[in-house]
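J.: coords please:
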Amino acid sequence: MTSTAGTSGATTHDHDVIVVGARCAGAPTAMLLARLGHRVLLVDRATFPSDTISTHMIHPPGLAALERWGLLDRMIGTGCPAIDTYAFDLGPFVIAGSPAGEGFEVSYAPRRTVLDKILVDSAAASGAEVREGFTVEEILFDGGAVTGIRGHGKDGTTSTDHARIVVGADGLHSSVAKATGAGGYAEKPKINAYYYAYWSGLPMDATFEAYDREDRAFAAWPTNDDLTMVICAWPMRDFEANRGDIEGNYHATLARAPAFAERISKATRTERFVGTAIPNYFRKPYGPGWILVGDAGYLKDPITAQGIQDAFRDAERCAGALDDVFAGRRGFEEAMRSCQEVRDSEVMSMYEFTADFATMEPPPPEMQEMLLAVTRSRSAQDEFIRVTAGVTRPEEFFGHMQDRMERERTEQEPAQREPMESEHRTPHAA
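T.: I've put the predicted structure just below:
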């Protein structure tokens, strides 16, 4: 890395990559690029450990990434409990099963104060320069290409940094996406408002529980420090009416499942309520001198809690592509276009499934029939759970279930016709 004095008195640094945003997408991207020998600067306005709005669920595909990076044992070592069962209480019936996949039988939901600190520390240990408490004031351009950032630390010291590539890993309100005018597509409006809090004295027995009750839903799962996260959702059409009494509407939602409401009445809320409502979109994730990873490039309703493992996949995919670019194995346009195509192919069906699931509308009759069929088979329940965990693609599961139901109908029809066929054959036998 080289540095020079800028005309304004600020220091100018040169890097291969600057990553803006140091949480679940940015820190792994910086870590992986640094491990490949590239000069990386990772910046974030936050300092770590610190919290952020998140479901913080890591399904098996995300655990597989942590294991590849050598960070899984460190996360488990924080005392975060394993989750071996997901149970979806849909009112008339319950679908419960295992999220197992990619060599893992369980999931985990570490607090972001824990997980993000591990990721940032690993980026630093891998050789990335990490600046916490750094605010990006400006994305720099030369002509139409991004060339760096200008910003300041908490002490007011300004810095201008240049790089071959600037990575926006700064989420929904990405400064990189905004400055570059990254185009959106397949967009959907906000579907639900979500409010959550943490509770002590609410044991979960290694289970993720979700409840769907007409136009309300809620879920609960265990996390660090013997706490349980409980999150409630109601449609955006009710947002304004409900925002004046979050606690009252939160408990009114829980009351739709009386047994759970009784359990939480014996628990203690340990932190304030946190709320969010999330738009659904894809953004073009690259352009001259810049790329987007994680929520900055693709975001969906949190009801299926896919964000962390999506960010991990993005980090691996983009770090590998940039390494190819720097080594001259592929051109930037080719490598980034492939990243976008692979990303969209991997997640589009889950994007649509999540949006449908989040509406909390009664499923059409054929879907009700299929879900009821799922409850009659333990293996089918496991398969459905693995869809919600991002292990199995929705189209694979629903196609398989449709085939299974067709086979069952076919097998039943000959049995129903058998007496008539037997009566027809008897005269010939005589």
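J.: ok, what's across the strand from residue 160?
T.: residue 12, residue 150 (DSSP bridges).
J.: what about the stretch 301-430 of the chain, any weak spots by pLDDT?
T.: Residue ranges of the stretch 301-430 of the chain with pLDDT under 70: 413-430.
J.: at 50 what do you get?
T.: 417, 420-430 (pLDDT under 50).
J.: which ones are touching the spatially closest residue to residue 375 that is not a sequence neighbour?
T.: In space, residue 375 comes closest to residue 93 once its chain neighbours are excluded; the distance is 4.9 Å by Cβ to Cβ, 6 or more residues apart in numbering. Just so you know, the C-beta spots here come from the backbone N, C-alpha and C atoms, and that holds for glycine as well. Residues in contact with residue 93 (Cβ atoms under 8 Å, 6 or more residues apart in numbering) are 371-372, 375.
J.: Point out the ones among those that are inside helices.
T.: Among the contacts of residue 93, DSSP state H puts 371-372, 375 in helices.
J.: so who does residue 139 touch?
T.: 146, 148-149, 166, 175-176, 179-180, 290.
J.: In strands only, show me these.
T.: In strands, defined here by DSSP state E, the members of the contacts of residue 139 are 146, 148-149, 166, 290.
J.: what about residue 392, how many neighbours?
T.: Using other Cβ atoms under 10 Å, residue 392 has 18 neighbouring residues.
J.: Distance-wise, check it relative to residue 386.
T.: 4 Å (Cβ to Cβ, to the nearest Å).
J.: what is in contact with the two at once?
T.: residue 101.
J.: before we move on, back to that, mind checking which of the ones in helices among the contacts of residue 93 are buried?
T.: 371, 375 (16 or more other Cβ atoms under 10 Å).
J.: could I get the ones in helices among the contacts of residue 93 as TSV with distance to residue 401?
T.: Shown next, in TSV, are the ones in helices among the contacts of residue 93 (distance: Cβ to Cβ, whole Å):
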residue	distance to residue 401
371	9
372	11
375	12
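J.: Quick check: ChimeraX command selecting the buried ones in the contacts of residue 139.
T.: Provided next is the ChimeraX selection string for whichever of the contacts of residue 139 are buried by 16+ other Cβ under 10 Å:
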select :146,148,149,166,175,176,179,180,290
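J.: which of the contacts of residue 139 lies closest to residue 308?
T.: residue 176 (20.2 Å; Cβ to Cβ).
J.: Contact partners for the closest one?
T.: 20, 139, 146, 166-168, 170, 182, 290, 292, 296.
J.: Just give the closest residue to it, not the sequence neighbours.
T.: Leaving aside its sequence neighbours, residue 176 sits nearest to residue 168 (Cβ to Cβ, 6+ apart; 2.7 Å).
J.: Please look at the one you found and residue 146 and confirm they touch.
T.: No - using Cβ atoms under 8 Å, residue 168 is not in contact with residue 146; the gap is 9.3 Å.
J.: between those two, what contacts are shared?
T.: 176, 180, 290.
J.: For the stretch 301-430 of the chain, just list every one of the helices.
T.: With DSSP state H, counting those that start in this stretch as the criterion, the stretch 301-430 of the chain has helices at 307-327, 332-358, 365-375, 378-388, 394-429.
J.: mind putting those helices in TSV, distance to residue 188 included?
T.: Putting those into TSV (distance: least, Cβ to Cβ, whole Å) gives the following:
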stretch	distance to residue 188
helix 307-327	16
helix 332-358	6
helix 365-375	19
helix 378-388	19
helix 394-429	16
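J.: right, so these: which one is the most enclosed?
T.: helix 307-327 (a mean of 22; mean count of other Cβ atoms under 10 Å).
J.: With residue 344 as the reference, measure out to residue 98.
T.: Taken as Cβ to Cβ, the span from residue 98 to residue 344 is 29 Å.
J.: Ok, residue 297 next?
T.: 10 Å.
J.: Give the intersection of the neighbour lists for these two.
T.: With Cβ under 8 Å, 6+ apart as the test, residue 297 and residue 344 both reach residue 282.
J.: and residue 206, how many residues sit next to it?
T.: 14.
J.: Now it: closest residue in space, sequence neighbours ignored.
T.: Closest residue to residue 206 apart from its sequence neighbours, by Cβ to Cβ, 6+ apart: residue 84 at 4.9 Å.
J.: State the pLDDT value of the one you found.
T.: pLDDT recorded at residue 84 is 98.
J.: what are the phi and psi values for it?
T.: Here is the backbone geometry of residue 84 (degrees, to the nearest 10): phi -110, psi -10.
J.: From what I see, it and residue 105 are in contact.
T.: Yes - using Cβ under 8 Å, residue 84 is in contact with residue 105, at 6.2 Å.
J.: Just want to know which of the two has more residues nearby.
T.: More crowded of residue 84 and residue 105, by other Cβ under 10 Å: residue 84, with 15 against 11.
J.: can you pull the contacts of the more buried one?
T.: Taking Cβ under 8 Å, 6+ apart, one finds 98-99, 105-106, 206-207 in contact with residue 84.
J.: now, which of these sits nearest residue 259?
T.: residue 207 (13.6 Å).
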